[in-house]
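Asks: kindly generate the corresponding structure for this input.
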Amino acid sequence: MVYALGEQMELMSKEEVLERNIPAVFLTTTRECRMVLEEVGIVFEGEIELVDDLCKVETQQECIYGAFAIPKLLDVLGSRYKLLIFVNQNYIVIADDDDFSERLVKRIQRRKIHQGDTKEKFLYNFMTEFMNRDIVLLGKYERQIIELEDDVMHEKVEEFQNRLMPLRRELLTLRSYYDELSDAAKELEDNENGFFAKKQLKYFGTIADRAERLMGKTAHLLEYAQQVKDAHQTQIDAKQNANMQYLTMISTIFFPLTLITGWYGMNFEDMPGLNDGYPFVVFLSIAVIMVSVLLFKKKKIF
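Replies: Down below sits the predicted model:
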């Protein structure tokens with residue numbers, strides 16, 4: 001599919017665009033990408049394949065090359081939408097083996113008044129389109145962390161780790177993704193081979209700023225999640241300390257009792273109280289217990 005660039009992007013034939021040298025956007029697949037690049041005069045040095053789960057932009061002598069791997073909002077840790085972008089003086093070629101790029105272009109046509117006056121405006125609309133709903137996604141993560149914090153405060157910690165760890169992994173994935181997007185936008189803004197008009201470079205700076213804000217929000221949520229995890233760990237440590245304190249108290253009580261029973265259980269022939277010492281041992285044991293309990297209460301151990 002070929003869309004002529006303009007305030008209202010129009011679907012045109014490839015032959016008409018090339019014959020009239022109209023700036024346009026070509027949507028193709030990786031299989032046909034090499035042929036389309038040759039037809040529009042873009043020389044790309046490298047393999048055309050969708051392999052890396054990252055976003056990057058490279059400037060070559062004859063073109064600008066971008067690879068984008070965009071997480072799916074409903075499955076951040078799963079497979080990604082992958083596409084390649086090639087840019088020269090007049091044309092933009094987008095290689096996508098799914099219909100993701102086509103859906104983005106149609107959304108731009110529905111929502112934007114100025115859809116693609118220039119290459120820079122189109123790339124701005126295209127890249128911001130797959131970031132538009134990310135702030136809503138991050139808001140969902142924030143609500144999930146708040147719910148976890150409330151559960152910790154009310155000591156409802158069942159399956160806490162199983163709920164927190166996937167959330168943290170998704171946030172880490174998104175933070176790396178936004179960092180890569182910011183670097184890609186800055187590479188476009190550098191405009192090393194002069195394919196973009198200088199007065200239009202502001203669009204790429206806006207993309208970089210938006211990606212950095214999303215990355216900052218993600219970093220804040222990761223810090224918040226860590227604080228909730230620390231609060232949960234503090235609760236666990238407090239419970240373990242209480243258990244250890246209880247066991248220590250029991251051990252303190254029974255240690256002298258063990259000593260007493262061991263001493264009077266030796267049954268030497270000339271041992272005092274051998275024949276009538278049982279009541280004394282019972283009284284001594286009760287006295288030891290009472291003294292231990294009084295000491296614990298004085299120390300406010302329980």
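Asks: residues contacting the spatially closest residue to R163 that is not a sequence neighbour?
Replies: Of all residues not flanking R163 in the chain, L148 sits nearest, at 6.3 Å (C-beta to C-beta, 6 or more residues apart in numbering). C-beta: built from backbone N, CA, C; applies to glycine. If a contact means C-beta atoms under 8 Å, 6 or more residues apart in numbering, then L148 has 160, 163-164, 225, 228 as its contacts.
Asks: list just the nearest of these to I113.
Replies: Lowest distance from I113 to the contacts of L148 (C-beta to C-beta) belongs to A225, with 39.5 Å.
Asks: pretty sure that closest one belongs to a helix, no?
Replies: Yes - counting by DSSP: H, G, I helix; E, B strand; the rest coil, A225 falls inside a helix.
Asks: surely it and L167 touch.
Replies: Yes - contact criterion C-beta atoms under 8 Å: A225 and L167 qualify, at 6.5 Å.
Asks: quick one: low-confidence ranges for this structure?
Replies: 115, 157, 264-265, 267-278, 280, 299-302 (pLDDT under 70).
Asks: now the helices for it?
Replies: Taking DSSP state H as the criterion, the chain contains helices spanning 14-20, 30-40, 100-111, 119-129, 134-153, 160-190, 202-264, 278-298.
Asks: most packed of the ones you listed?
Replies: helix 119-129 (a mean of 21; mean count of other C-beta atoms under 10 Å).
Asks: can you tell me what sits against that one?
Replies: Contacts of helix 119-129 (C-beta under 8 Å, 6+ apart): 5, 9, 23, 25, 85, 87, 92, 101, 104-105, 107-108, 112, 114-116, 181, 185, 188, 195-197, 200-201, 203-204, 206-207, 210.
Asks: cutoff 7 Å now
Replies: Outside helix 119-129, the residues that touch it by C-beta atoms under 7 Å, 6 or more residues apart in numbering are 5, 23, 25, 87, 92, 104, 107-108, 112, 114-116, 196-197, 200, 203, 206-207, 210.
Asks: stretch 213-225 now?
Replies: Stretch 213-225 is contacted by residues 131, 134-135, 138, 141-142, 145, 164, 167-168, 171-172, 174-175, 178-179, 182 when judged by C-beta under 7 Å, 6+ apart.
Asks: could you rerun that using 8 Å?
Replies: Residues contacting stretch 213-225 (C-beta under 8 Å, 6+ apart): 131, 134-135, 138, 141-142, 145, 148, 164, 167-168, 171-172, 174-175, 178-179, 182.
Asks: any idea how far it is from the middle of the chain?
Replies: Relative to its parent chain, stretch 213-225 has a centroid offset of 9 Å by C-alpha atoms, centre = their mean, to the nearest Å.
Asks: hmm, back to that, can you pull the residues that touch both of A225 and L167?
Replies: I145.
Asks: tell me how far stretch 87-99 lies from the chain's centre.
Replies: 29 Å.
Asks: for it, buried residues please.
Replies: 87-88, 90-97 (16 or more other C-beta atoms under 10 Å).
Asks: centre-most residue in the protein?
Replies: With distances taken as C-alpha atoms, centre = their mean, L171 lies nearest the centre of the chain, 1.3 Å away.
Asks: does it touch K140 like I think?
Replies: No - contact between L171 and K140 fails when scored by C-beta under 8 Å: they sit 11.3 Å apart.
Asks: ok, back up a step: distance to W263 added to the contacts of L148, as a markdown table?
Replies: Shown next, in a markdown table, are the contacts of L148 (distance: C-beta to C-beta, whole Å):
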| residue | distance to W263 |
| --- | --- |
| F160 | 49 |
| R163 | 55 |
| L164 | 53 |
| A225 | 57 |
| V228 | 53 |
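Asks: where is the longest strand in this protein?
Replies: As assigned by DSSP state E, the longest strand anywhere in the chain is strand 75-87.
Asks: hey, C-alpha coordinates of that strand in CSV?
Replies: Provided in CSV are the C-alpha atoms of strand 75-87 (Å, rounded to 0.1, in the frame of the first residue of the first chain):
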residue,chain,number,x,y,z
ASP,A,75,1.0,-9.0,27.0
VAL,A,76,4.0,-6.9,27.7
LEU,A,77,6.3,-9.9,28.3
GLY,A,78,5.1,-11.8,25.3
SER,A,79,5.8,-11.4,21.6
ARG,A,80,6.0,-7.8,20.2
TYR,A,81,4.8,-5.9,17.1
LYS,A,82,7.9,-5.7,14.9
LEU,A,83,8.5,-3.4,12.0
LEU,A,84,11.3,-1.8,10.0
ILE,A,85,11.4,1.8,8.7
PHE,A,86,13.6,3.1,5.9
VAL,A,87,13.8,6.9,5.0
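Asks: with that, I have no additional questions.
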